[in-house]
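Asks: 3D, please:
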Amino acid sequence: MWRILKWLVYLAALGAVALVAYAYIGPYFGADFSAPREEVRAPVAIDVE
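Replies: Next comes the predicted model:
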């Protein structure tokens, strides 16, 4: 049981490192993480009694 738990911890740590590496290296390979730059306006109806 401990052996499986240990491997899950190792895989989780490896996945976290891979995710951080992808966040830093991803834009060099064409991944675009920027937010959309267009303004969005939507009407809001507030019911006050």
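
Asks: what about Glu38, neighbour count?
Replies: 5 (other Cβ atoms under 10 Å). To be clear about C-beta, it is placed using only N, CA and C from the backbone, and glycine gets the same treatment.

Asks: and it, what does it touch?
Replies: Listed by Cβ atoms under 8 Å, 6 or more residues apart in numbering, the contact set of Glu38 is empty.

Asks: Okay, helices next: where are they in the protein?
Replies: Remark: helices assigned in the chain by DSSP state H are 2-25.

Asks: Any regions of this protein where pLDDT drops low?
Replies: Under the criterion pLDDT under 70, no range of the chain is flagged.

Asks: let's see 90
Replies: 26-27, 29-36, 40, 47-49 (pLDDT under 90).

Asks: Give me the neighbour count for Ile25.
Replies: 10.

Asks: Also Tyr22?
Replies: Residues contacting Tyr22 under the criterion other Cβ under 10 Å number 13.

Asks: Phi first, then psi, for the nearest residue to it once chain neighbours are set aside.
Replies: Nearest non-adjacent residue to Tyr22, counting by Cβ to Cβ, 6 or more residues apart in numbering: Ala31, 7.5 Å away. Phi and psi for Ala31, reported as degrees, to the nearest 10, are phi -80, psi 130.

Asks: how much space between Ala31 and Tyr24?
Replies: 11 Å (Cβ to Cβ, to the nearest Å).
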